[in-house]
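Trainee: quick one: sequence plus predicted model below, questions after.
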Amino acid sequence: MTNPTCWILSDGKVGMESQCLGLVERLGLNSQVKRVFPRFPWTHLPPQLWLFPFSTLESKSDTLSPPWPDILVASGRQTVAISVAIKHASENKTQTIQIQHPRVSLKKFDLVIAPIHDNLTAPNTINMTGAFHRITDTRLNLAAQKFYREYSILPKPLIAVLLGGSNNSFQMTRKNCQKLIELLKTAVKLSGGGIVVTPSRRTDQANLEIFRSGLSGVPHKIWNGLGENPYFGILALADGFVVTNDSVNMVTEAASTTKPVYIFNLDGHSSKFDCFHKMLVERGITRKFDGIFENWHHEKVDNLDQIASKIKSRLKLAC
């Protein structure tokens, strides 16, 4: 298949959409993002109960109509039923790639790409370490040039704090924030460095205020969410990272740089996340953050090109 058309099916969540974009870019495909927003009660029902998937969508959803794409890449629970419906509407001509375990029969998709800790073994699955991302040397170099002036005023080593937030498995509490702040202050005192904090969409504003007040007197910057997102610039310019353990995406992105990655644990538990973090610790990729920042390097966590090659082979793509 040459010059295939491609849609990315997204539920609007930044992390999920970023994974799809990361995969499509590695495949060398031009894509169109289609964002879908199911109505209540479908947002709370499993995909198996979406009997007429197209009719579940709010009017603000992007239009889904022929010609159907050659390739459909999707991620997130609320895209599952729509992905299956598009494949059916195309009379199985659309090849579907679902990122992460869809929690329905895997036979409904041409390929399912899932983290190795999901333990999927079906013939149409490909396992990967961590998550898809958009980090490339070119993108980091460009971002470093763009944001150098803003962050070069902070002392070295520059410690980037990638903040997640509460989800179904973890809770970011006031106590968590205060503990992390004290550890960061210790790291700055011992290293003489500075701190840059970048929140995610799940970072509660009340918790962010705790960081703003708690880090006063320490050389730091906190992105306020306004203007161009400096995330790639921060990844490029930081000397190392402290990442909360609730986000496989952020940990994978930080680890793709080969710089030091320290993990700070929030309250909560997830067996799958525990397996992921245990694997990274055993491979020497991450360490627990205890207030000490050291300069060390590790293997690059990035097997995305290999996975892209497998996908091209299985779907017979010539892109």
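Mentor: Arrived safely.

Trainee: which residues touch Leu154?
Mentor: 193-196, 219-221 (C-beta atoms under 8 Å, 6 or more residues apart in numbering). All C-beta atoms are positioned from the backbone trio N, CA, C, and that covers glycine.

Trainee: if we go to 10 Å?
Mentor: By C-beta atoms under 10 Å, 6 or more residues apart in numbering, the contact set of Leu154 is 193-196, 219-221, 237-238.

Trainee: out of these, the closest to Thr125 would be?
Mentor: Closest approach between the contacts of Leu154 and Thr125, by C-beta to C-beta: Ala238, at 34.0 Å.

Trainee: how far out from the middle of the chain is stretch 191-201?
Mentor: How far stretch 191-201 lies from its chain's middle: 19 Å, per C-alpha atoms, centre = their mean, to the nearest Å.

Trainee: tell me, how many residues neighbour Phe211?
Mentor: When neighbours are counted by other C-beta atoms under 10 Å, Phe211 registers 22.

Trainee: in which helix or strand does it reside?
Mentor: Taking DSSP states H and E as the definition, Phe211 sits inside helix 205-214.

Trainee: report all helices and strands that the helix or strand following that helix contacts.
Mentor: Next helix or strand after helix 205-214 toward the C-terminus (DSSP H and E): strand 220-222. Counting contacts by 3 or more C-beta pairs under 10 Å, 6 or more residues apart in numbering; DSSP states H and E, strand 220-222 is packed against strand 158-162, strand 194-198, helix 205-214.

Trainee: make a markdown table from the ones you listed and add mean pLDDT to it.
Mentor: Formatted as a markdown table, the helices and strands packed on strand 220-222 follow (pLDDT from 0 to 100):
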| stretch | mean pLDDT |
| --- | --- |
| strand 158-162 | 99 |
| strand 194-198 | 99 |
| helix 205-214 | 97 |
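
Trainee: so which of the contacts of Leu154 comes closest to Asn30?
Mentor: Nearest to Asn30, judged by C-beta to C-beta, of the contacts of Leu154 is Leu237 at 30.2 Å.

Trainee: that older thread, comparing the helices and strands packed on strand 220-222, which comes out most buried?
Mentor: With neighbours defined as mean count of other C-beta atoms under 10 Å, the helices and strands packed on strand 220-222 peak in mean count at strand 158-162, which reaches a mean of 25.

Trainee: noted, bye for now.
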